[in-house]
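Asks: Got a predicted model here, sequence first, then my questions.
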Amino acid sequence: EVQLVESGGGLVQAGGSLRLTCAASGSTFDDYAIGWFRQAPGKEREGVSCLLLNDGSTYYSDSVKGRFTISSNSDNDSKTVYLQMSSLTPEDTAVYYCAADGTVCPHDDMEFWGKGTLVNVSS
């Protein structure tokens with residue numbers, strides 16, 4: 001069974017940094033894309049960043065480009081995908097979700113989703 005578990009969210013002041021972690025298990029994910037999405041109150045979900053695990057290609061939305069970095073490591077049984085977030089602003093406040101898909105990223109119907117972790121950036 002595929003599971004994605006996010007961690008690392010919390011309260012941070014504007015200008016600060018946080019690193020989110022997505023622990024992915026239940027598959028080798030060798031040919032998957034794993035991405036980070038976020039949804040702020042009253043706003044649509046946004047695809048923030050993606051990593052294609054077979055070739056290392058990355059995607060960043062314009063809103064986070066230059067401030068967020070996606071990376072990964074793996075062991076025999078699981079993969080961990082990180083989202084390093086820097087120069088945070090209150091506009092980054094949202095629930096951040098990890099998602100995985102065997103085709104493309106980002107898109108709204110990703111195959112697997114985590115339950116999310118809250119990032120709250122104070123001004």
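Replies: Structure received.

Asks: what about this structure, any weak spots by pLDDT?
Replies: Flagging of the chain using pLDDT under 70 yields the residue ranges 76-77.

Asks: mind redoing it with 80?
Replies: 74-78 (pLDDT under 80).

Asks: Please tell me how far the spatially most central residue of the chain sits from Ser123.
Replies: Geometric centre of the chain, nearest residue: Trp36, 2.4 Å, by CA atoms, centre = their mean. When CB to CB, to the nearest Å is the yardstick, Trp36 and Ser123 sit 23 Å from each other. Using the backbone N, CA and C atoms, a C-beta is placed for each residue, glycine as well.

Asks: Check whether the closest residue to Ala23 other than its chain neighbours sits in a helix, strand or coil.
Replies: Leaving aside its sequence neighbours, Ala23 sits nearest to Val5 (CB to CB, 6 or more residues apart in numbering; 4.6 Å). Assigned by DSSP: H, G, I helix; E, B strand; the rest coil, the conformation of Val5 is strand.

Asks: partners of the helix or strand that contains Ala99, with directions?
Replies: In the assignment (DSSP states H and E), Ala99 maps to strand 94-101. Take DSSP bridges as the rule and strand 94-101 pairs in its sheet with strand 33-39 (antiparallel), strand 112-113 (antiparallel), strand 117-122 (antiparallel).

Asks: Let me know the angle separating that strand from strand 3-7.
Replies: 150 degrees (axes from the mean of the first three to the mean of the last three CA atoms, to 10 degrees).

Asks: Now do the buried residues in strand 94-101.
Replies: 94-101 (16 or more other CB atoms under 10 Å).

Asks: How far away from the center of its chain is it?
Replies: The chain centre lies 5 Å from the centre of strand 94-101; the measure is CA atoms, centre = their mean, to the nearest Å.

Asks: quick one: contacts of stretch 52-67?
Replies: Applying CB atoms under 8 Å, 6 or more residues apart in numbering, the contact partners of stretch 52-67 are 29-35, 46-51, 68, 70, 72, 79, 85-88, 91-92, 105-106.
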